[in-house]
Every structure is written in structure tokens, then in C-alpha cells.
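J.: Need the 3D shape of this:
(2 chains)
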Amino acid sequence: MLVPILKQGDYLIASIQSELSDADLLKLRDDLVSRVGEFHSRGVIVDVTVLDVMDSFATRTLRAMAHMIMLRGAETVIVGIQPEVAFSMVQLGLKLEGVETALDLEEGLTLLDHRTKGDNKRAR
Amino acid sequence: MPDELCIPVSSEIDIVTARQKGRELAARLGFSNTELTLIATAISEVTRNIVEYARRGELCLSIVQQGNKRGISVIASDRGPGIPNIKLAMQDGYSTGHSLGLGLPGAKRLMDEFEIVSEVGKGTKVTMKKWVQNNVR
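T.: Purely as a prediction, here's the structure:
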């Protein structure tokens, strides 16, 4: 299942539409890491609202993806982690260390605006 | 959907099928949404272990009853290389693959019962159960 990636100004928005296999997630990671360069994007939002499972592989892949995107000069925000998924991730001991998260797409955009247009001169 | 089913596991696509089927069966037992997510995640972890270490195996799901308790049983079995040191494999952060090493110990935390039997050169069998908590609903 292909994840559509929308370009909105300086940002890329990847909105996951259905459960993803490991291969789909890896493809999303590779696509985003390359598109950031193609569009000179400053920020990336990955919307995981529809995911009802985030296991160790998904968490590790998202974390790696955010780090790769950071190395390409852009920020990543993961939005839409469901309460049950958050509960299960904590029980499993999974951490998204070093990755920004926000409640939903709107808050994710606000966070990115703040990070990339606001006080980024001081913060980075 | 029958009360018992086995899913052959031979590729990462089967991980998604396994957790969807597990969630469906568990939903019939009346587990809460959070519990359904925990069960699906635990299934995901043990199924991925099969794909990663044994290449192929089987995941069996069934409804089980013990006294007046009802629950779901998940059995992941393979004829893969086996685990030489189960104690080590059950430690958080230990992995011989590329994972975070949280799969098996994590799955144990998500379920009520967890048992692992493994013999080097013969294979591994993980049996997990989760019971419906009737008293809290």
C-alpha cells in the first residue's frame, strides 16, 4: 500500500492510509528521505492516525527515518499516535527518542512552523 | 471466522495478516480496544521473530477456556535454528538480529501468560495467552 506524500509549501505530509507491511514502511522512509532533497523541504509530517499497531519494527523504522531526514536538513514530526498505540508502545518499552510528536496534523504544522520559521536560529 | 486458525508465515506480509486475524478473533471475545492493540502488537512481535530468524513457521490462534475464564491463545512455532540461550533472548535490549531486542520480552509484557520452548537446530515455540477481564467491565 503506497503512502501518498503531499507537498505543502516547505513541508511534506505523508498520510498513512492503511496498515503497512515492513516493506511499505521502508519504502515510505526511502521516499521521504529522497523527496526532502527534491523539494528542498524544511519539515516532514508523518500521520500515523490509522495505524492500530506500532511494534518494535515500525518504531525503529520511524526513528531511523526521522534521523535520516534530520541529516538531510529537515525536521520530522510524527502525528496521530492513538491512545491504545501509545499505551502498547510504553508497555513494550519502545521509545521515539529524538523524534518530535504532535497530537494531530494541525498541531504538527504549528510545531514545524515554530521549529523552522520561529526560533530556529537559536535552537540549531 | 472459526474458533481456531493457523496462518502459515513465510514473509513480512504474513505479519500484517497474523495481527489482523488475531485482532478479529480477540474482538469476538470482548477485549477492550487497548487490549486488542496489545494482543495485535504481541502477535506482530512473535510473528516477526519467525520471519527474521526461522524464515518460515506457523502462527496459530484459538479461543481458550480455563474454568470460567475465556481468552485467546497465540502459538508461534517454527523449525528454525532455535534459541541457544532463552534467558538472554528474554532480556530487554538483547538481539542477534537487527531489531531493538524488545520483541520477545516485550510480547511477554503485553500478554498474561508467556512460555517459550526452544531447541537448537530444531525450532522454537512461543505460547502466549491473554484472558478477558470480566470484573472490570
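
J.: What sits closest to residue 11 if chain neighbours are left out?
T.: Looking at chain A here, since you left the chain open. A:Gly43 (4.5 Å; Cβ to Cβ, 6 or more residues apart in numbering or on different chains). (Glycine included, C-beta is placed from N, CA and C.)

J.: I was after chain B.
T.: In space, and not counting its chain neighbours, B:Ser11 is closest to B:Val51: 6.6 Å by Cβ to Cβ, 6+ apart.

J.: So what does B:Cys60 look like in phi/psi?
T.: When quoted as degrees, to the nearest 10, the phi and psi of B:Cys60 stand at phi -110, psi 130.

J.: Could you give the number of residues near it?
T.: By other Cβ atoms under 10 Å in any protein chain shown, 15 other residues sit near B:Cys60.

J.: How much space separates A:Ile13 from B:Gln20?
T.: 26 Å (Cβ to Cβ, to the nearest Å).

J.: contacting residues around the residue lying closest to A:Gly37 once chain neighbours are set aside?
T.: Excluding the flanking residues, the one nearest A:Gly37 by Cβ to Cβ, 6+ apart is A:Arg72, at 6.0 Å. By Cβ atoms under 8 Å, 6 or more residues apart in numbering or on different chains, A:Arg72 lies in contact with A:33, A:36-37.

J.: between those residues, which is nearest chain B?
T.: Here the nearest of the contacts of A:Arg72 to chain B, counting by Cβ to the nearest Cβ, is A:Val33; it sits at 18.3 Å.

J.: For that closest one, which three-state class applies?
T.: Three-state call for A:Val33 (DSSP: H, G, I helix; E, B strand; the rest coil): helix.

J.: so B:Arg28 touches B:Met1, yeah?
T.: Yes: here B:Arg28 lies in contact with B:Met1, judged by Cβ atoms under 8 Å, at a distance of 7.3 Å.

J.: got the residue ranges for the helices in chain A?
T.: Ranges of helices in chain A, per DSSP state H, are A:22-38, A:56-71, A:83-92, A:105-113, A:120-123.

J.: Tell me, what's the model's pLDDT at residue 50?
T.: No chain in the question, so chain A it is. A:Val50 is assigned a predicted lDDT (pLDDT) of 96.

J.: My question was about chain B, not that one.
T.: The model reports B:Ile50 with a pLDDT of 94.

J.: got the contact list for the residue nearest to B:Ser11?
T.: Counting by Cβ under 8 Å, 6+ apart, B:Val51 makes contact with B:9-12, B:14-15.

J.: Equivalent analysis for A:Arg29, please.
T.: Counting by Cβ under 8 Å, 6+ apart, A:Arg29 touches A:61, A:64-65, A:68.
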